[in-house]
Every structure is written in C-alpha cells, then in structure tokens.
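Chemist: Structure of the sequence below:
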Amino acid sequence: MLRPLAGLPGFDISQWHGLWVPKGTPKNITAKLNAAVMDALSAPTARARLADLGQEIFPADEQTPEALRALQKSEIEKWWPIIKAAGIKAEQCRTNHVLNRGEGRPMSAFLNNSRL
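Modeler: Numbers count the residues shown, from 1 in each chain. Sure thing, here's the model as predicted:
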C-alpha cells in the first residue's frame with residue numbers, strides 16, 4: 001500500500017524489523033530460530049500487543065530468511081543511490097559493521113510499521 005507523502009505519489013517509506021544470525025550458522029539452527037519467531041508472532045496476545053503498537057506482522061510467506069534477504073537487497077538498491085548522492089555516512093556501530101562486512105545472515109523478517 002502506497003500513500004502519497006508530501007505530494008509525492010508512489011513515494012514509500014517503511015520501517016521493518018528482522019533478525020540476523022552470524023555468518024556460518026547452520027541452516028537447521030536458522031530454521032529452528034525462524035520457526036520459533038513465527039510461532040511467537042502467531043500468538044493472539046502477541047499479535048494484539050504489536051497491533052496496539054502500530055506494528056504490522058508480515059504474512060507467513062514473508063517471514064523467511066529468503067524473504068528478509070530479498071527485502072534487505074531491495075531496500076539497499078532503493079536507498080543506496082540517494083544515500084550516496086547526499087553524502088550520508090552511517091555511524092559506526094556493531095550492527096552496521098556486521099551487515100556492511102557481510103558477517104550476518106538473514107534469519108527472519110517479521111514486522112513492518114510506520115508505513116507512510
């Protein structure tokens with residue numbers, strides 16, 4: 001769903017949350033962790049609480065490592081030219097360090113909020 005922002009139809013900004021595991025984590029461990037996250041997010045109390053916070057839970061088919069990898073890739077492709085053109089630099093933190101060096105592997109994409 002796209003909503004016009006500041007008179008820019010088709011301009012879409014969203015926040016999303018995901019979990020990563022260290023590079024080299026066995027796929028069966030990643031699958032178990034992903035299943036646990038999906039199970040927790042399917043609980044009615046969790047869904048209600050997250051809805052109260054304005055969080056939208058991705059459909060089950062979008063809660064996979066592959067879906068998170070694709071989402072991350074599309075976000076990088078969308079925003080990198082803008083970031084580069086504006087000269088924006090990321091603050092150094094462990095998360096940026098891990099992701100920029102390719103040390104993390106997607107585990108689960110599960111929440112979306114503030115879709116403008």
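Chemist: Residue 18 sits in which helix or strand?
Modeler: Using DSSP states H and E, the secondary-structure element containing residue 18 is strand 15-22.
Chemist: what mean pLDDT would you report for the next helix or strand after that strand?
Modeler: Using DSSP H and E, the helix or strand that follows strand 15-22 in sequence is helix 27-42. Averaging pLDDT along helix 27-42 gives 91.
Chemist: and helix 27-42, which residues are buried?
Modeler: Neighbour-count burial for helix 27-42, counted by 16 or more other C-beta atoms under 10 Å, picks out 30, 33-34, 37-38, 41. (C-beta placed from N, C-alpha, C; glycine too.)
Chemist: where are the low-confidence patches of the chain?
Modeler: For the chain, applying pLDDT under 70 flags the ranges 1-12, 91-116.
Chemist: Show me where it has its helices.
Modeler: For the chain, the helices defined by DSSP state H occupy 27-42, 44-52, 65-86, 94-100.
Chemist: Export those as CSV, with columns for distance to residue 19.
Modeler: What follows is the helices of the chain, written out as CSV (distance: least, C-beta to C-beta, whole Å):
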stretch, distance to residue 19
helix 27-42, 7
helix 44-52, 15
helix 65-86, 8
helix 94-100, 12
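Chemist: what about these, which gets the closest to residue 20?
Modeler: Closest approach to residue 20 among these is made by helix 94-100 (7.3 Å; C-beta to C-beta).
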